[in-house]
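Asker: Below is the sequence, then the predicted model.
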Amino acid sequence: MTNPTIPPPGEAENLANPVEAENSIELKEIQGLSQGQIVRRRFFRHKGAMISLVVLTFIVLLAFTSVGLAIGDIRVPGWWMWTWTQIPEVIDRGRPTLSLVPEWLGGDGFRIGEHPFGQDEVGRDIFALTMRGTQQSLMILVIVGLVATTIGTTLGALSGYYRKWVDPVIMRFTDIIITIPLIVVGAVLGRTFGSLGAVVLALVIGLFTWTGLARLVRAEFLSLREREFVDAARVAGASDGRIMFRHILPNAVGVIIVNSTLLMAAAILLEAALSFLGYGVQSPDTSLGKIISDNQAAFSTRPWLFWWPGLFIIAIALCINFIGDGLRDAFDPRQKRVPTERALRKAAARREAKA
Amino acid sequence: MASFVVRRLIASVLVFLAATYLMYLLVAYSGDPLQELVESNAPNKEQLIASRIRLLDLDVPPPLRYFLWMGRIFGLPFEPFGARHFFDLGVSIDARDVNAMLGQALGATLQLVTISTIVAIILGIVVGITTALRQYSGYDYSVTFVSFLFFSLPIFWVAVLLKQYIAIGLNNFLQQGAQLPIWLIGLAALVSGLLWASIIPGKLRRKLITFAIALASTLALGIYFNLSGWFLQPTIGIVGIVLTAAAAAYCVPAVLTGLRNRGAVKTSIVTAAIGVAIWFPFREWISPFITEWWMLAGLALLAVVVGGAIGWFFGGDDKRPVIRVGAITAFLVALVIAIDRFMKVWQAYSESGRIRGRPIATIGSQTPGLEGSLWVHGVDTFTHLLLPTIALILVSFATYTRYSRASVLEVMNQDYIRTARAKGLTERTVIVRHAFRNALIPLATIVAFDIGGIVGGAVITERVFAFVGMGQLFQGGVDRVDPNPVMAFFLVVGFLAILFNLLADLVYAALDPRIRVS
């Protein structure tokens, strides 16, 4: 019965009963569908999220196939002609060879060339560097997401389910961690662990970013544990662990998924910021933040050193934020897609035809 | 309530102590403070190492060294603490007094952070509310997209772009005659037309009229700026003052009390008229006597008091909203008058020997050795803070917009809003009195959380703009494994975070009568 848009005075009488018309459309759409189907359907309808999903998939594929992988000493080559460690000769002062403007618009026509994103002052290929940085950022994002979500969910669940003395202890511990700003703890830990590579850095970041999620999960658990289905499970003899993870957790999954997505977007910016300050990934490996930081002074002469890594950071973070927004809309039980005026009018006409 | 506050306070202090302990250990174990000396080949190496160990108590392991540090903070004068005075933050790795370093850094950072926070809160809330009221309009979608974009921007990247395009571009523009290109004026006019047409409700016809008016006035303004060389000698002038005063006199009562309230309308008109009358005497005769910032703040306070007094006089039976109208109108008009006065010294400032026609600064917080009145220093601060403030605003603006939009939407769906509409209240009353106030409750807590974290968040911005502030204190300390400056930084940051968390809880309890924590 909640109606987010209030028809301006004068328009309401056009429809026999706008709220009823809206409800009937709504109900018809979700008739006979499971909760999962409704959520999936709502998510697929969110245009921003769908576009972002496609773009993100493209970026992931591009980053991991183009320059290949390096896990320890094992190298899997990619299809791109350079790697991020090679130093080819500098051609045309390292200008980007990528051209997207067709000839009939006065451009050079479409071509990719040897160094589409240009080269830095020693000649390293910026495309290869950027792709390697993107790989690192994506990897950090996944690890931080996993670590922080696991810790946050577990602590929040324990705290909200057991209450008594467990709750204050865990929540005060969360307060202690939350008091230290992320960038501060990141800098100090990055200085200690940054030289050990991106994976360790991501693990360490994940150990400190779970606090917000823990609070939210706790709040969810506090309200869900009072519900009848929990009592029913307990009467049926389910153990605490079973109640927590099989009965309550699936009901809190919306909050968890949405917030871990947003947390991942924050993690990617945090890693970039740390690398920029010099506490993140160290040479000879690279990351998007590090490329920007290394070439900061060269902006006026070689702007491409600066544009591409920045654009990839923004693209990844923006995609994830939009996906998070789509998930939030999909999981929100109060969310109602407001039918357009035309759909409402159609429904009203149908009703009249029936009567 | 009192017992709640006391218990909360005790818990906060304990949490803060634990956080400082954790932070101290993290910094102390992040590296070896003796490394550079061990690697050096100075002839008196042994001696240097010994003196540094003595200076920083390096012979005591960090978990215990923390208590030495803590004891000095509490000012314990006897051994093993030997505090020099109360709240002794110790010395840095190169034997500088950390108290003095902190004092310097805190001033610069607070100046930067305060302005950007205030601007971001006001802008964010206004935009958030308007988008919520125009949900699913083109304006709403554009703001949503832009705020997502701002969320996703790495702040250091934006800062470098700002330096390149805003600072250098603007300076070039000012040096080359300050003529806006035609396409820019046209674009600005088109954007403003679309924006206003999207915000102001109505049928197509009314939207078209709004669009045309906004387009034409922006075009006219742009052309006027070009012809008068406004950017070289910016001024608001008597015409601008009268226009803004009239707009304030109309808008403030229209939003706060409704134009039906005659007392409020009279108050705002009288207040605005007094402001217009004061403009010239202030500009020419009074302003030279204002030499300190507190005098300016005092005048702003005076304006608010006078406006409030006028409101009290015209208030009739229900004085409080009318007093509020008077105070806000007075503040707005006073602000415009002050801006006009600052603009008066702009030309002299930008042509002075230290600036040489390139006023927008990219580094530092002030021009060293600049002489002049309070007004010149004000302009100097403005040109230095402009870019870092923009960089800081972008991110918090996005947060506030999203939260205030969500909060207003949530409130607008409540039953009491429907009740208010059903009993025939005007839309203004419903929004301002019933919706806005309740939407502010969750916002207050979010703002409080955010302010707690913002000093720490300014570290990167300060680094890009070479601000000598808290960020430098922190980074210098981390780089050299020097716990004392880092802990001084963290004392401030952590204290603010704890303080504002506490405030958030109290404000919540005070604003929302349903939440009286037992």
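Answerer: Cool, got the structure.

Asker: From A:Leu311, how far out is the one residue in the stretch 1-150 of chain B that gets nearest to chain A?
Answerer: At 4.1 Å from chain A, B:Ala19 is the closest residue in the stretch 1-150 of chain B, using C-beta to the nearest C-beta. C-betas here are computed from N, CA, C, even on glycine. Taking C-beta to C-beta, to the nearest Å as the measure, B:Ala19 falls 37 Å from A:Leu311.

Asker: Show me which of the two is the more surrounded one.
Answerer: Counted by other C-beta atoms under 10 Å in any protein chain shown, B:Ala19 and A:Leu311 do not tie: B:Ala19 has more neighbours, with 20 against 14.

Asker: out of everything not next to it in sequence, what's closest to the more buried one?
Answerer: A:Thr179 (4.1 Å; C-beta to C-beta, 6 or more residues apart in numbering or on different chains).

Asker: same deal with A:Ala63?
Answerer: A:Thr134 (4.0 Å).

Asker: backbone phi and psi for A:Gln119, please?
Answerer: phi -130, psi 160 (degrees, to the nearest 10).

Asker: got a list of what it touches?
Answerer: A:88, A:90-91, A:94, A:125-126 (C-beta atoms under 8 Å, 6 or more residues apart in numbering or on different chains).

Asker: I'd like to know how far it sits from chain B.
Answerer: Counting by C-beta to the nearest C-beta, to the nearest Å, the gap from A:Gln119 to chain B is 20 Å.

Asker: Now the stretch 251-355 of chain A against chain B: closest residue?
Answerer: Of all residues in the stretch 251-355 of chain A, the one sitting closest to chain B is A:Ala317 (3.5 Å; C-beta to the nearest C-beta).

Asker: in the host helix or strand of that residue, what counts as buried?
Answerer: A:Ala317 is part of helix A:304-331 when elements are defined by DSSP states H and E. For helix A:304-331, a neighbour-count test (16 or more other C-beta atoms under 10 Å in any protein chain shown) marks A:304-310, A:312-331 as buried.

Asker: Need the per-residue pLDDT for residue 222.
Answerer: Just so you know, I chose chain A. Note on A:Leu222: pLDDT of 85.

Asker: look at chain B instead
Answerer: 88.

Asker: any idea which helix or strand carries the nearest residue to A:Arg124 once chain neighbours are set aside?
Answerer: What sits nearest to A:Arg124 in space, not counting adjacent residues and going by C-beta to C-beta, 6+ apart, is A:Ile87, at 5.7 Å. Using DSSP H and E, A:Ile87 falls within no helix or strand.

Asker: May I have the phi/psi pair for A:Ile87?
Answerer: According to degrees, to the nearest 10, A:Ile87 has phi -120, psi 80.

Asker: what's the pLDDT at it?
Answerer: 75.

Asker: Check the average confidence over the longest helix along chain A, would you?
Answerer: Counting residues, the longest helix found in chain A (DSSP state H) is helix A:126-162. Helix A:126-162 comes out with an average pLDDT of 89.

Asker: same for that helix, what does it pack against?
Answerer: helix A:47-66, helix A:166-179, helix A:198-206, helix A:211-224, helix A:249-277, helix A:288-294, helix A:304-331 (3 or more C-beta pairs under 8 Å, 6 or more residues apart in numbering or on different chains; DSSP states H and E).

Asker: so the fourth one versus helix A:126-162, what angle?
Answerer: Yep, that's helix A:211-224 we're talking about. 30 degrees (axes from the mean of the first three to the mean of the last three C-alpha atoms, to 10 degrees).

Asker: CA atoms only: put the helix or strand following helix A:211-224 into PDB for me.
Answerer: With elements assigned by DSSP H and E, the helix or strand that comes after helix A:211-224 is helix A:228-235. Output in PDB follows, covering the C-alpha atoms of helix A:228-235 (Å, rounded to 0.1, in the frame of the first residue of the first chain):
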ATOM      1  CA  GLU A 228       8.200 -17.500  14.600                       C
ATOM      2  CA  PHE A 229      10.200 -19.600  12.100                       C
ATOM      3  CA  VAL A 230      13.200 -19.500  14.400                       C
ATOM      4  CA  ASP A 231      11.000 -20.700  17.300                       C
ATOM      5  CA  ALA A 232       9.700 -23.400  15.000                       C
ATOM      6  CA  ALA A 233      13.200 -24.600  14.100                       C
ATOM      7  CA  ARG A 234      14.200 -24.600  17.800                       C
ATOM      8  CA  VAL A 235      11.100 -26.600  18.800                       C
END
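
Asker: so after helix A:228-235, what's the next helix or strand?
Answerer: Scanning onward from helix A:228-235 (DSSP H and E), the first element met is helix A:240-242.

Asker: so for that following helix, what's the average pLDDT?
Answerer: Here the average pLDDT along helix A:240-242 is 87.

Asker: Could you tell me how far it lies from the centre of the chain?
Answerer: Distance of helix A:240-242 from its chain centroid, counting by C-alpha atoms, centre = their mean, to the nearest Å, is 30 Å.

Asker: returning to what we had before: correct me, but the residue nearest to B:Ala19 touches B:Ile498?
Answerer: Yes. A:Thr179 lies in contact with B:Ile498 (C-beta atoms under 8 Å); the separation is 6.1 Å.
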